[in-house]
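Chemist: got a predicted structure here, sequence first:
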Amino acid sequence: MLTNQPQCKKCRRAGEKLFLKGEKCEGAKCVFIKRNFAPGVHGTKKMSRPTNYGKQLLEKQKTKRMYGLRETQFRNYFESAFKKIGNTAELLFQNLERRLDNTVYRLGFADSRVQARQMVNHGHFTINGRKMDIPSYQVKVGDIISVKEKYAKSKAYANRIETLKKKSQVSWLNFNTTDMKAKVTALPKLGDVSVNVDWRTIIEFYSK
């Protein structure tokens, strides 16, 4: 399945860095820098110009891989957004950004969404004081996300505090490095964070 592919192959297939390995993607050893062509024995061959449908498919696949989702999950997020009144693109963006694993990643606790998902699965966080180990949990305005005390005192988190203090916060999250708690203060909006996604193209793909 696509979600089990080596992370670097996903970037090569998308034709751009998806930053699935966090800081490793920034270094000179990044595989995409060395092999910025599609994976496979024919990867070095020049590809023909994609059709409009092909462009839409590639954008959808890229975004799905970026957030680490399977097709059914991703489509369900689209259908949920499509059924609501409002900007479908922004609603889809909100559905993806409000996942707990993505929120943990945005807060800076993890270097990648893959790492954030593992941390959530292992029960590192609570929501409003209750343990939450479901990566797909949708955070809501007013939710308090906390690192469980036994993890907050660990060396791994202690080493990360200084980095978190320097990290610029996203506008919809208010994070306190002293008590390792964050509050969801608003719904995420397009433009709040830099995401290289053409949301209109994805909406067109699923709206056919």
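Modeler: Alright, I've got the coordinates. Numbering: from 1, shown residues only.
Chemist: in space, what's closest to the residue nearest to the spatial centre of the chain - neighbours in sequence excluded?
Modeler: Most central in the chain under Cα atoms, centre = their mean is Tyr67, positioned 3.9 Å from the mean C-alpha point. The spatial neighbour of Tyr67 that comes closest, neighbours along the chain excluded (Cβ to Cβ, 6 or more residues apart in numbering), is Leu96 at 5.2 Å. Any C-beta I mention is one placed from the backbone N, CA and C, and that applies to glycine too.
Chemist: got the contact list for the one you found?
Modeler: Leu96 sits next to 63, 67, 69, 77, 102 when contact means Cβ atoms under 8 Å, 6 or more residues apart in numbering.
Chemist: so of those, which ones are in helices?
Modeler: Judged by DSSP state H, those include 63, 77, 102 as members of helices.
Chemist: what residues are up against the first one?
Modeler: The one in question is Thr63. 74, 96, 197, 202.
Chemist: and the third one, what element?
Modeler: Just to be clear, that refers to Val197. Using DSSP states H and E, no element contains Val197; it sits outside every helix and strand.
Chemist: please parse this structure into its domains.
Modeler: Using automatic domain parsing, the domain parsing of the chain gives 2-87+195-206, 99-184.
Chemist: now mean pLDDT too, for those, in a markdown table please.
Modeler: Formatted as a markdown table, the domains of the chain follow (pLDDT from 0 to 100):
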| stretch | mean pLDDT |
| --- | --- |
| domain 2-87+195-206 | 76 |
| domain 99-184 | 91 |
